[in-house]
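Asks: Pasting the sequence and the predicted coordinates here, then a few questions.
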Amino acid sequence: MASNMITITNNADGSSHEYPLKTGTLGPGAVDISALYRDAGIFTYDPGFMATASCHSAITYIDGEQGVLLYRGYPIEQLATRASFLEVAYLLLYGELPQERQLLHFERDIIEHMMINENLKNFLNGFHYDAHPMAILCGVVGSLSAFYHEAMDVNDPDYRDISARQLIAKVPTIAAAAYKHSVGEPIMYPRDELRYCANFLHMMFATPRADFKPDLIAEKALNLLFILHADHEQNASTSTVRLAGSSGANPFACVAAGIASLWGPAHGGANEAVLDMLLEIGDVANVPKFIAKAKDKDDPFRLMGFGHRVYKNYDPRAKIIREVCHQVLEEVSGAGDDPLFELAMKLEEIALNDEYFVERKLYPNVDFYSGIIYSALGVPRNMFTVMFAVARTVGWVTHWTEMMSDPANRIGRPRQVYNGPERRDYLPISKR
Ligand code: SDX
C-alpha cells in the first residue's frame, strides 16, 4: 500500500477504499475523500469542521499547540512590531514583503481610494441614531456593489485586484462614518497627507470645529492591533467569505457576509462581550463567582475572550496585546493601568490556575485584551468588532482572491445526515 494513501474500511460490508493523503509545507496533512460518496455511498460527518480542511491556502499558518502564527511565513511577533499595516496588507495580498517603491505606490493607491461615494451618506442617514455600527457596516458594505459595479467580472484578475483594494480603502471610511452617525457628528473625509491608521483616527475623532493631529502613540497602537487582526486562516468569517464567493458572488457582497459572521459573540463580537463581562464582574472580589458560572454546564455564561478552536496554548496575538496594553495605557491615558486591565489580568491569573481551564487548554485569545486598548484610544464598546472588521477585510479579500484564482475552485455545497420524517402523503385539513 502506498505510504501516501489512507484506507477507509467499512466493517458493515467489508469494503475498503484508498484515498490520497495530501500534505502541505507545514502542519497536518489531509485525506482527500472527495471520491468517498461515489465509492462507498456515504458522507463524512464533522459539524463545526473540527477536523476538516476546506481548501489549500498559502496565506496564513497557525500551529495551535505551539501558539505559532505566520503571515506568508513571517512570524506575527516580527510583523506586529516592525511593519506597517499596509505593508502587511501588501504581504498578505501578494505573498511577498513590498520593496520601497511598491509600498509607496500601494499606500498612495489605497489612500486615494478611501473616499466613498457621496450618495452613500443617504444610507447612513437612513439608520436610526442608535443603530449598532456593525449593522451599519454590514448594510453599507453590501451596498458598495451598487456603486462599483463597472466591469464587475470576478473572473478577471485585474478586477479582483481593484475591488480588493477598493474594500481595503473604503471599509475604514464606512466604519468611521458609522461611528460619526452614532454620535450625531458630521462625517470626516480621509486626508491625502495622512497614513492609513492616522486617517482612520482622523475620520473617527476629528470635527470641523478644529484641526486634528492624530496622536502618534494611538496611531502606533492601532497599526499593531490592525496587523494582529488582519488574517487568521479559515476562521468562521473568512470561511463565510469563501463560501459566498464560491458561487461567483461579487466581493462586496462576500465581505458583507463576512462582517455578519464576525459579529457573533463566539467570534469577533467577543471583544465587545469581554468589556461587558469585565464591567459586569466589576471587582476582583467577584471573579470567583464568574469563574464558577463559566464552569457550570447549566449556566450559558462563558468567559469571553477565553478559549479557541485552534489555539490550545496562549494565542500569540493576546500575548503581544497584553504587553502593549501597559505601554498604551501609560502613554495614552497617562493614568497607568486601567482598573479593567488590572481586573482582566487578575481574571486571567485565576483562570489559568483553575483545573477546568487548564484541563481544557483554555487560554486568553486575541479578544481578551484588545477592547482595553480600544477603550484607551477612545473607541466605544459598540465599535470594537467594527475595528476587528476593518483589519480583517485584508484577510477576507486575500482569501477571496486566492480562491477565485484557483482553477480547482468550485461552488461549496456541503451535504447532511438527514434525520427528518420518511416519505408521507399530504392530508386534507379535515383529516389532520
Ligand atoms: C475569535 O477561529 C478563529 O481563528 C477566530 C479568531 C480569528 O482571529 O478569526 O481567532 C477570533 O473568534 C477568537 C474567539 C473569540 N470568542 C470568545 O472568546 C468566546 C468565548 N470562547 C468560546 O465560546 C469558545 O472557546 C470558542 C467559540 C472560541 C471555541 O469553541 P469550541 O472550539 O467549539 O470549543 P467548545 O465549545 O467545544 O469547548 C470545549 C470545552 C467545553 O467544555 P466541555 O463540554 O468539554 O466540558 O471548553 C469549554 C466548553 O464548555 N469552553 C469554555 C469556554 N470556551 C470553551 N468554558 C468557559 N468559557 C469559555 N470561554
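Replies: It's in. All figures in this text were calculated on a predicted structure; none of them were measured in a lab. Numbering: from 1, shown residues only.

Asks: my guess is Glu107 meets Glu193, correct?
Replies: No - the pair Glu107 / Glu193 is not scored as a contact, 11.9 Å apart, by Cβ atoms under 8 Å. The C-beta positions use only the backbone N, C-alpha and C, and glycine is treated the same way.

Asks: Which one's more surrounded, the two?
Replies: Glu107 (18 against 8; other Cβ atoms under 10 Å).

Asks: Name the residue of this structure that lies nearest to the ligand.
Replies: Nearest residue of the chain to the ligand: Gly307, at 2.3 Å (Cβ to the nearest ligand atom).

Asks: ok, that residue - contacts?
Replies: Shown in contact with Gly307 (Cβ atoms under 8 Å, 6 or more residues apart in numbering): Arg360, Leu362, Tyr363, Asn365.

Asks: what are the phi and psi values for it?
Replies: When read as degrees, to the nearest 10, the backbone of Gly307 gives phi 90, psi 160.

Asks: State the pLDDT value of it.
Replies: The score at Gly307 is 96. That number is its pLDDT.

Asks: for Trp263, same thing?
Replies: pLDDT, read off for Trp263, is 97.

Asks: ditto for the one 10 residues further on
Replies: Per-residue confidence at Ala273 stands at 95 (pLDDT).

Asks: and the nearest residue to Asn117 once chain neighbours are set aside, how many neighbours?
Replies: In this structure, Asn117 finds its nearest non-sequential neighbour in Phe147, 4.8 Å apart by Cβ to Cβ, 6 or more residues apart in numbering. The number of residues packed near Phe147 is 14, by other Cβ under 10 Å.

Asks: Surely Phe147 touches Leu120?
Replies: Yes - counting by Cβ under 8 Å, Phe147 touches Leu120, with 7.0 Å between them.

Asks: which residue sits closest to Gly268 in space, ignoring its chain neighbours?
Replies: Distances taken as Cβ to Cβ, 6+ apart put Leu262 closest to Gly268, at 3.6 Å, once the chain neighbours are dropped.

Asks: tell me the contacts of that neighbour?
Replies: Each residue near Leu262 by Cβ under 8 Å, 6+ apart is listed here: Ala236, Ser237, Gly268, Gly269, Thr385, Phe388, Ala389, Arg392.

Asks: And for Gly282?
Replies: Contacts for Gly282 (Cβ under 8 Å, 6+ apart) come out as Leu343.

Asks: May I have the phi/psi pair for it?
Replies: phi 70, psi -50.

Asks: got it, and Ile6?
Replies: With angles defined as degrees, to the nearest 10, Ile6 sits at phi -120, psi 130.

Asks: Who is the residue nearest to it when sequence neighbours are not counted paired with across the strands?
Replies: Distance criterion Cβ to Cβ, 6+ apart; nearest residue to Ile6, sequence neighbours excluded, is Val31 at 4.3 Å. Val31 has these beta-bridge partners by DSSP bridges: Leu21.

Asks: Ala236: neighbouring residues, count only.
Replies: 17.

Asks: I am assuming it contacts His267, so please confirm or correct that.
Replies: Yes - contact criterion Cβ under 8 Å: Ala236 and His267 qualify, at 5.0 Å.

Asks: so what sits against both of the two?
Replies: Common neighbours of Ala236 and His267, using Cβ under 8 Å, 6+ apart, are Ser261.

Asks: So Tyr19: helix, strand or coil?
Replies: What DSSP: H, G, I helix; E, B strand; the rest coil gives for Tyr19 is strand.

Asks: who touches it in this structure?
Replies: Residues counted as contacts of Tyr19 (Cβ under 8 Å, 6+ apart) are Met5, Ile6, Thr7, Ile8, Val31, Asp32, Ile33, Ala35, Leu36.

Asks: before we move on, the earlier item: and the residue nearest to Ile6, what does it touch?
Replies: Ile6, Tyr19, Pro20, Leu21, Lys22.

Asks: From those residues, keep the buried residues only.
Replies: Buried by 16 or more other Cβ atoms under 10 Å: Tyr19, Pro20, out of these.

Asks: So which of the contacts of Val31 would count as near the ligand as well?
Replies: For the ligand, no contacts are drawn from those by Cβ under 6 Å from any ligand atom.

Asks: now, which of the contacts of Val31 sits nearest Ala318?
Replies: Closest to Ala318 out of the contacts of Val31 is Lys22 (31.2 Å), distances taken as Cβ to Cβ.

Asks: The closest one against Pro28, yeah?
Replies: No - Lys22 is beyond contact range of Pro28, at 10.2 Å (criterion: Cβ under 8 Å).

Asks: Mind jotting down where the helices sit in the stretch 251-400 of the chain?
Replies: Using DSSP state H, counting those that start in this stretch, the helices of the stretch 251-400 of the chain run over residues 251-262, 270-281, 287-295, 316-328, 339-351, 355-359, 367-376, 384-404.

Asks: could I get those helices as JSON lines with distance to Phe205?
Replies: Formatted as JSON lines, those follow (distance: least, Cβ to Cβ, whole Å):
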{"stretch": "helix 251-262", "distance to Phe205": "22"}
{"stretch": "helix 270-281", "distance to Phe205": "19"}
{"stretch": "helix 287-295", "distance to Phe205": "33"}
{"stretch": "helix 316-328", "distance to Phe205": "16"}
{"stretch": "helix 339-351", "distance to Phe205": "21"}
{"stretch": "helix 355-359", "distance to Phe205": "37"}
{"stretch": "helix 367-376", "distance to Phe205": "13"}
{"stretch": "helix 384-404", "distance to Phe205": "13"}
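
Asks: Just put those helices in TSV and tack on distance to the ligand.
Replies: Output for the helices of the stretch 251-400 of the chain, formatted as TSV (distance: least, Cβ to the nearest ligand atom, whole Å):
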stretch	distance to the ligand
helix 251-262	8
helix 270-281	3
helix 287-295	4
helix 316-328	7
helix 339-351	9
helix 355-359	7
helix 367-376	5
helix 384-404	7
